[in-house]
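A.B. asks: Just a sequence and a predicted model for now, questions to come.
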Protein chains: 6
Amino acid sequence: MIYITRRERFNAAHRLFREDYSDEKNMEVFGKCSNPNWHGHNYELFVTVKGKIDPDTGFLVNLKKLSKVIKEEVIEKLDHKNINVEVDFMKGKYVSTENLAIGIWQQLEKAVNELDAMLHCVKVCESENNYVEYFGK
Amino acid sequence: MIYITRRERFNAAHRLFREDYSDEKNMEVFGKCSNPNWHGHNYELFVTVKGKIDPDTGFLVNLKKLSKVIKEEVIEKLDHKNINVEVDFMKGKYVSTENLAIGIWQQLEKAVNELDAMLHCVKVCESENNYVEYFGK
Amino acid sequence: MIYITRRERFNAAHRLFREDYSDEKNMEVFGKCSNPNWHGHNYELFVTVKGKIDPDTGFLVNLKKLSKVIKEEVIEKLDHKNINVEVDFMKGKYVSTENLAIGIWQQLEKAVNELDAMLHCVKVCESENNYVEYFGK
Amino acid sequence: MIYITRRERFNAAHRLFREDYSDEKNMEVFGKCSNPNWHGHNYELFVTVKGKIDPDTGFLVNLKKLSKVIKEEVIEKLDHKNINVEVDFMKGKYVSTENLAIGIWQQLEKAVNELDAMLHCVKVCESENNYVEYFGK
Amino acid sequence: MIYITRRERFNAAHRLFREDYSDEKNMEVFGKCSNPNWHGHNYELFVTVKGKIDPDTGFLVNLKKLSKVIKEEVIEKLDHKNINVEVDFMKGKYVSTENLAIGIWQQLEKAVNELDAMLHCVKVCESENNYVEYFGK
Amino acid sequence: MIYITRRERFNAAHRLFREDYSDEKNMEVFGKCSNPNWHGHNYELFVTVKGKIDPDTGFLVNLKKLSKVIKEEVIEKLDHKNINVEVDFMKGKYVSTENLAIGIWQQLEKAVNELDAMLHCVKVCESENNYVEYFGK
């Protein structure tokens, strides 16, 4: 079993809030992240897949194909977007980094299997001080 | 003459566009950065000041005071904000990184002088691949 | 189960040595790190906690609360301090990065539980070339 | 059980290709990495070992000794070398990052045991966007 | 006057040597970098241009156009290449980082002018410990 | 004229204080950095030299020789040392990063000239948020 990780990046706007809360209550619970006018981040995404090395190539997966999958299933939907408003797989969810990591896992799991590998970890870095990891369970 | 640089960070949403352009024209000129629903960044700000060392302390400036000035004049106005909508010193300007660097210089120049130092450079990093520097002239 | 990591930093002096060794013997075993006049580092601390997402917020833990706990229990006791001389939770221990990671775990475990999360990993980076991880067992 | 990681670096040339493929077929499967004139990388190697803390020193392993082992068994054989042509432990293998990580593991396993520690992970970073991890099974 | 910098990256093989030197003499003068079997690097290239802000856009230059110019004139010629053997603008030169920076400057100067900006600095980072800057004079 | 920069690192303890101040006064002026029990940093040093390319080698300077000079004149005197107590070229000075940069310049200037280059800049990074640059005048 070998593990390979690909980093991709996206820039996006978001907001942490509940519609059933007042602005004051949102500020109390979510702080500055609840700003109704949005804020944003340079997100870094690390996708780790695992499996066996293909004896014909020495590869676990072809990284170009893995990168293409991540771009099609995740980056194109998030990059330069408003995550609360425009991202179908985040509809109806609070846009926390935790939920974003799980949403990205669900976007990628099937497509990674089709590359003859297993998704192992989705890591989303929101800033140099914070990141979330999800291992699918 | 000695130079000292302080890094501060802020997260913000913005949009590149002209009100007198259609969405299509904005997309043509400004690309994905013109998304009407906003996007955002983790900005890094490097403020360089210059001057003479104070023989009483060995300092050019007290870094705590410099950091306080940058936070009060710049970071509190930008962090977790929508730069187009909420930032007084960017009102009426295109929110390019170039204009942002100049706006930040104008916010800081007088306050740095009051610390007995001269503002030398404002550097704004929008991503790991792009940054702008302004030297005041 | 989801994992979230918070980075905090501290600067400190320390020394690796045994009181029952001569300076020569300490130099032989601990090298330059045994300098009786101390040396120091910019330490980076990564604290990973795990648990379930709170359906009311989308958070595993409120990162501001996690950061506050780390600052109160760990950073305030280590930052700009001499670890051998001034840090109560390291008293009587050799100040290796290994023992520091375990000491920080013991400082944090209970306080993290009170945030309804479990401490998963304490990672202490002493330099860009060395780091220690402790998982509590 | 405690984990300690040492980073070392090496610069090397390599090429991804199969001798039984034409240049065209190699380009199709391995892309630009198949260039018959070679290309190269600044590789970063992170070696993680695990074990118990020695009560006489507070160390899991003496990092100078671990660094010396990594340099002798791995870095001296790879640094400023052509991995396909000059590295005995990669002879007859496709020089993918996956195979390189496994080859490095095999170079290190016995020597780490002799330091009274267990090899836990070999992580090889080929670029800021890609890395491979091998845990020995 | 405002300054904007774009980072691009390339991976390449090279060798430092003189044809009129023996292998021994090359080793003496150029060290491990003279290995006849090549070695390589992940190079980082920072291109800084300067000029006036276009009042119609708030841009000094459109970064997509600057990135395209750098890719066409420099990156496509260097990436995954052997700099000694395959790069026309380095033919007949010693492939030091110094000469590489000057060669890249010459590739870019005219194309940057056509973007209504002036080339200010070409910075080439060969490793985390070394970089060269050229300002055109 | 071409510029080349070499990075070296050192870990050291220091303290900011005046002997003629009480501990309370030192705390007021220098903050936590005045701790009588010392604290420390991982310092990064960037030394930039300038000059003409040697047509015999393609080098401005041989980086191994530059690195050797920096290690002999600076790093060996600072690494794993207490800067206030043990570093001859800082005796009688306040150990601010400003004074450290000037002291390092004075250590290097003559030795760099002997490599047929001119010292251009000494940059000392005390943390990821602060650095000082000195250009010799």
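C.D. replies: Alright, I've got the coordinates. Numbering: from 1, shown residues only, chains lettered A, B, ... in the order given.

A.B. asks: got any ranges where chain A has weak pLDDT?
C.D. replies: Along chain A, segments meeting pLDDT under 70 are nowhere present.

A.B. asks: Report the closest residue of it relative to chain C.
C.D. replies: With C-beta to the nearest C-beta, the shortest gap between chain A and chain C falls at A:Tyr94, namely 3.0 Å. Where C-beta positions appear, they are placed from N, C-alpha and C, glycine not excepted.

A.B. asks: is it true that that residue touches C:Thr57?
C.D. replies: Yes: using C-beta atoms under 8 Å, A:Tyr94 is in contact with C:Thr57, at 6.6 Å.

A.B. asks: Which of the three states applies to the nearest residue to A:Tyr134 once chain neighbours are set aside?
C.D. replies: Distances taken as C-beta to C-beta, 6 or more residues apart in numbering or on different chains place A:Ala101 nearest to A:Tyr134, at 4.2 Å, with adjacent residues excluded. Per DSSP: H, G, I helix; E, B strand; the rest coil, the secondary structure class of A:Ala101 is helix.

A.B. asks: distance of A:Ala101 from chain E?
C.D. replies: To chain E, A:Ala101 is 27 Å away according to C-beta to the nearest C-beta, to the nearest Å.

A.B. asks: contacting residues around that residue?
C.D. replies: The contact partners of A:Ala101, taken as C-beta atoms under 8 Å, 6 or more residues apart in numbering or on different chains, are A:122-124, A:132-134, C:2.

A.B. asks: Dump these to CSV, plus neighbour count and secondary structure.
C.D. replies: Listed next are the contacts of A:Ala101 as CSV, based on neighbours: other C-beta atoms under 10 Å in any protein chain shown; DSSP: H, G, I helix; E, B strand; the rest coil:
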residue, neighbour count, secondary structure
A:Val122, 26, strand
A:Lys123, 20, strand
A:Val124, 26, strand
A:Val132, 22, strand
A:Glu133, 21, strand
A:Tyr134, 24, strand
C:Ile2, 21, strand
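
A.B. asks: okay but A:Phe59 is in contact with D:Glu98, surely?
C.D. replies: Yes: between A:Phe59 and D:Glu98 a contact is recorded at 6.4 Å, counting by C-beta under 8 Å.

A.B. asks: Could you check how far the residue of chain A closest to chain C is from A:His14?
C.D. replies: Relative to A:His14, A:Tyr94 is positioned 10 Å away (C-beta to C-beta, to the nearest Å).

A.B. asks: Who has more neighbours out of these two?
C.D. replies: More crowded of A:Tyr94 and A:His14, by other C-beta atoms under 10 Å in any protein chain shown: A:His14, with 29 against 22.

A.B. asks: Quick one: the strands in chain A, in order.
C.D. replies: All strands of chain A, identified by DSSP state E, fall at A:2-14, A:39-51, A:81-82, A:118-127, A:130-134.

A.B. asks: Might you enumerate the residues of chain A proximal to chain D?
C.D. replies: By C-beta under 8 Å from any C-beta of the partner chain, the residues of chain A that approach chain D are A:1-8, A:48, A:53, A:57-60, A:63-64.

A.B. asks: of all these, which comes closest to C:Ile75?
C.D. replies: Taking C-beta to C-beta as the measure, C:Ile75 lies nearest A:Arg7 of the residues of chain A next to chain D, at 28.7 Å.

A.B. asks: Quick check: nearest residue in space to the closest residue to chain D within chain A, chain neighbours excluded?
C.D. replies: Closest to chain D within chain A is A:Gly58: 3.0 Å, counting by C-beta to the nearest C-beta. What sits nearest to A:Gly58 in space, not counting adjacent residues and going by C-beta to C-beta, 6+ apart, is D:Tyr94, at 3.0 Å.

A.B. asks: now A:Glu73
C.D. replies: Spatial nearest neighbour of A:Glu73, excluding adjacent residues (C-beta to C-beta, 6+ apart): A:Gln107 at 4.5 Å.

A.B. asks: Would you mind measuring from that neighbour to F:Cys121?
C.D. replies: A:Gln107 sits at a distance of 47 Å from F:Cys121 (criterion: C-beta to C-beta).

A.B. asks: Among the two, which residue is more densely surrounded?
C.D. replies: A:Gln107 (21 against 18).

A.B. asks: for the residue in chain A positioned nearest to chain F, phi and psi?
C.D. replies: Of all residues in chain A, the one sitting closest to chain F is A:Glu128 (8.6 Å; C-beta to the nearest C-beta). For A:Glu128, the backbone dihedrals (degrees, to the nearest 10) come out as phi -70, psi -10.

A.B. asks: so what's it up against?
C.D. replies: If a contact means C-beta under 8 Å, 6+ apart, then A:Glu128 has B:9, B:42, C:7 as its contacts.

A.B. asks: So what's the residue count around the second one?
C.D. replies: A total of 23 residues lie near B:Asn42 under the criterion other C-beta under 10 Å.

A.B. asks: who does it bridge with?
C.D. replies: Beta-bridge partners for B:Asn42, by DSSP bridges, are B:Asn11.

A.B. asks: ditto for the last one
C.D. replies: According to DSSP bridges, C:Phe46 are recorded as the beta-bridge partners of C:Arg7.

A.B. asks: wait, which of the residues of chain A next to chain D is closest to E:Glu28?
C.D. replies: A:Gly58 (36.7 Å).

A.B. asks: Could you measure from that closest one over to chain E?
C.D. replies: Distance, A:Gly58 to chain E, using C-beta to the nearest C-beta: 17 Å.

A.B. asks: just A:Met1 next, same as before
C.D. replies: Distance, A:Met1 to chain E, using C-beta to the nearest C-beta: 27 Å.

A.B. asks: Repeat that for A:Gly136.
C.D. replies: According to C-beta to the nearest C-beta, A:Gly136 and chain E sit 31 Å apart.

A.B. asks: mind listing what the residue nearest to A:Gly58 touches?
C.D. replies: Contact analysis of D:Tyr94 by C-beta under 8 Å, 6+ apart lists A:57-58, D:16, D:18.
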